[in-house]
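# mind folding the following:
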Amino acid sequence: MWNDVYSTLSSWTPPSGLQAVRRDEYLEFLAAHADGVWRECRVGHITASALVMDEDRQRVLLTLHPKVGRWLQLGGHIEHGDTSLRAAALREAIEESGINTMRISAEPVCLDRHLVPCAGVPSEHLDVQYLVLVPPKAQAVLSAESDDLRWFALGELPHGLDQSVRTLIELSQTSVNLG
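You can find the predicted model right below:
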């Protein structure tokens with residue numbers, strides 16, 4: 001998995017200078033941590049997430065995250081059975097939404113670093129974020145990993161939505177190559 005993550009990030013063309021700096025930080029982190037893709041790396045680790053949108057990109061599915069109490073995209077830790085970073089993001093989106101019909105972007109859309117409590121201790125998540133599109137009438141099902149799960153029209157996003165999610169939504173509006 002380490003090789004896939006490193007290769008994915010190395011070949012990715014970031015959408016901005018800030019994202020290029022962040023990509024380089026991720027690559028440096030991976031070079032320093034052979035276990036940096038697994039949650040067992042307590043100082044921090046790569047995570048995979050997906051912004052779920054309808055095919056028209058007019059609605060976004062967000063989860064009310066139980067640990068941080070904020071609306072976020074779907075995602076989480078890479079699991080030992082995941083075959084790639086992209087597959088981990090897709091698995092997380094399916095698990096947390098209950099929607100099985102999805103198309104995921106061929107490459108990441110954006111990167112975001114954030115501190116979170118992980119297994120009871122502070123840790124840094126180096127999140128690699130993808131775009132997932134679902135059919136317009138897709139019905140989401142609340143999972144045990146969320147306090148709430150809700151579709152939001154882009155003009156009616158929740159109050160106080162984190163800037164990192166707003167950035168991800170913004171970047172997902174551009175031409176993203178779907179796999």
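
# counting neighbours, what do you get for A31?
A count of nearby residues for A31, using other C-beta atoms under 10 Å, gives 10. The C-beta positions use only the backbone N, C-alpha and C, and glycine is treated the same way.

# need the pLDDT of it.
pLDDT recorded at A31 is 98.

# and it, helix, strand or coil?
The local conformation at A31, judged by DSSP: H, G, I helix; E, B strand; the rest coil, is helix.

# for L61, what are its contacts?
By C-beta atoms under 8 Å, 6 or more residues apart in numbering, the residues touching L61 are 52-53, 74, 97, 134, 140, 149-152.

# one more time with 10 Å, if that's ok
Counting by C-beta atoms under 10 Å, 6 or more residues apart in numbering, L61 makes contact with 50-54, 73-74, 93, 96-97, 99, 132, 134, 138, 140, 149-152.

# surely A50 is within a strand?
Yes - under three-state DSSP, A50 sits within a strand.

# assess the claim that it and R86 are in contact.
Yes - assessed by C-beta atoms under 10 Å, A50 is found in contact with R86 at 9.4 Å.

# lowest average confidence across helices and strands of the chain, where is it?
Least confident helix or strand, the chain: strand 110-118 with a mean of 89, by mean pLDDT, DSSP states H and E.

# tell me the buried residues in that strand?
Within strand 110-118, the residues scored as buried using 16 or more other C-beta atoms under 10 Å are 110-112, 118.

# the very next helix or strand once past it pairs with which strands, and in what direction?
Remark: after strand 110-118, the chain's next helix or strand is strand 121-134, criterion DSSP states H and E. Neighbouring strands of strand 121-134 in its sheet, by DSSP bridges, are strand 44-54 (parallel), strand 103-104 (antiparallel), strand 110-118 (antiparallel).
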